[in-house]
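Enquirer: Curious how this folds, go ahead:
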Amino acid sequence: MLQYWTFWNFNWYLGSELGLCKLNGALRTSIINTSIIGGFMTYIYPRKIVMKIKDMKIQLPYYQVVLLDLIFHQIPLIRTLYLDYEPGVCGFYAMAPVSMWFLNNSLHGIEVDKIYGIKMNYLCLSSLFLTSFYTMLKHKKIN
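Expert: All right, here's what the predicted structure looks like:
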């Protein structure tokens, strides 16, 4: 499960819900990116999700993929948009957990392009665009 960014992102979100860490700009940015890209991969450009648990491969039917998207991507987004958060921590700091995710996959020999069936360059560029857009809106609103 560690190879999926959703796992990392959802645990970070749960940590904020449980009071273990603060809901800040970096977490909001990560949740927004994850929900938009997850929604795109679920509804616009559907992917086959094959989960690897030990030596077993399980291909999830589409309705389960939609359900997982709602639980792990869309509910955190909706919840996060209605919660107060700690302003002042820039969304750029989401790079630290993303870097740890890349490092974890690299150390375990996991090819990130094969995780979601989309070139990781496309996902990273999409995330960079979304983060830049969201950051411009937030920083302009603050100044």
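
Enquirer: alpha carbons only for contacts and neighbour counts from here, please
Expert: Noted.

Enquirer: Give me the buried positions along stretch 5-21.
Expert: Buried positions in stretch 5-21, judged by neighbour count with 16 or more other CA atoms under 10 Å: 5-6, 8-10, 12-13, 16.

Enquirer: For it, give me every contacting residue.
Expert: The contact list for stretch 5-21 (CA atoms under 8 Å, 6 or more residues apart in numbering) reads 1-2, 22-23, 27, 30-31, 34, 72-73, 76, 97-98, 101.

Enquirer: Restricted to helices, list those residues.
Expert: 27, 30-31, 34, 76, 97-98, 101 (DSSP state H).

Enquirer: hmm, which of those are the buried ones?
Expert: Buried among the ones in helices among the contacts of stretch 5-21 by 16+ other CA under 10 Å: 27, 30-31, 34, 76, 97, 101.

Enquirer: What's the separation between the most centrally placed residue in the chain and residue 15?
Expert: Centroid-nearest residue in the chain: residue 34, 3.1 Å away (criterion: CA atoms, centre = their mean). Using CA to CA, to the nearest Å, residue 34 is found at 16 Å from residue 15.

Enquirer: Ok, residue 99 next?
Expert: Computed with CA to CA, the distance linking residue 99 and residue 15 is 19 Å.

Enquirer: what is the rounded mean pLDDT of the lengthiest helix in the chain?
Expert: Assignment by DSSP H gives helix 120-142 as the longest helix of the chain. Across helix 120-142, pLDDT averages out at 73.

Enquirer: mind listing what's buried in it?
Expert: 123, 127, 130-131, 134-135, 138.

Enquirer: Let me have those in JSON lines, adding distance to residue 107 as columns.
Expert: Formatted as JSON lines, the buried residues of helix 120-142 follow (distance: CA to CA, whole Å):
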{"residue": "123", "distance to residue 107": "20"}
{"residue": "127", "distance to residue 107": "23"}
{"residue": "130", "distance to residue 107": "28"}
{"residue": "131", "distance to residue 107": "26"}
{"residue": "134", "distance to residue 107": "31"}
{"residue": "135", "distance to residue 107": "31"}
{"residue": "138", "distance to residue 107": "35"}
